[in-house]
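[1] Generate coordinates for the sequence data below:
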Amino acid sequence: MMKRIQPIFAFTAILLLSLAALFSNSSCGIYRFTDASIPDSIKTVKVNLIENRASYVNPQLSPRLSDKLRQKILSQTKLSQTNNDNADWEISGTVTQYSFSTSAITGQQAANNRLTVGISIILLDRKADKTEKHEVSRSFEFKGDQTFQQAENNLADEMIRTLTDDIFNKLFSKW
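    Residues are numbered from 1 along each chain as shown. So this is what the prediction gives:
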């Protein structure tokens, strides 16, 4: 009976040691995305208010999105926030699209509608003396029996969270 236990014990020990080595290896980086594409010379960031220049303006979108992006950058990177004009990186943006459309019809009624938000982001890198431009666009579906105002209210948190994640990934994930 001892001979059966020893192979199981040996297998378990090897498995546990392998897992411990895998998760303790800092260069492994399986889920490590923070600071992945930020040069060591970049220390400060300035996030300007994302302006809303879409044909339809949701007055809450711009300030909430700007604030959430600032929070995400500060919590998930090594960068320090500054309001000075000499920040290593300066991020600005513009809401370029905020439109409603019908996405599904049942009978002669709109069954589903879609809210599409498009944002143009500019990253000014003062250290490298270059500018990067990125476009982010996301659509949000909602039931056809909701008014646009109801849809905006119901989708607000999801819009802010999703758009912030999309912008962050465009700026900081170079893969």
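
[2] what does whichever strand or helix holds Ser66 rub up against?
    In the assignment (DSSP states H and E), Ser66 maps to helix 61-76. For helix 61-76, the surrounding residues in contact (C-beta atoms under 8 Å, 6 or more residues apart in numbering) are 34, 45, 47-52, 79-81, 91, 95, 98, 117, 119, 156, 159-161, 163-165, 167-168, 172. To be clear about C-beta, it is placed using only N, CA and C from the backbone, and glycine gets the same treatment.

[3] Can you give the contact residues for the longest helix along the chain?
    Secondary structure assigned by DSSP state H gives helix 148-172 as the longest helix of the chain. Contacts with helix 148-172, where a contact means C-beta under 8 Å, 6+ apart, come from 33, 36-38, 58, 60-61, 64-65, 68-69, 72-73, 76-77, 91, 93, 100, 113, 115, 117, 119, 121, 123, 132, 134, 136, 138, 140, 142, 146.

[4] ok, and for that helix, which residues are buried?
    Across helix 148-172, burial judged by 16 or more other C-beta atoms under 10 Å covers 151-152, 155, 159-160, 163-164, 166-168, 170-172.

[5] Flag the helix or strand of the protein with the lowest per-element mean pLDDT.
    Within the chain, no helix or strand scores below helix 2-24, which has a mean of 50 by mean pLDDT, DSSP states H and E.

[6] Return the residues in contact with Pro39.
    With C-beta under 8 Å, 6+ apart, Pro39 has these contacts: Lys127, Ala128.

[7] So it, which state does it fall into?
    Three-state call for Pro39 (DSSP: H, G, I helix; E, B strand; the rest coil): coil.
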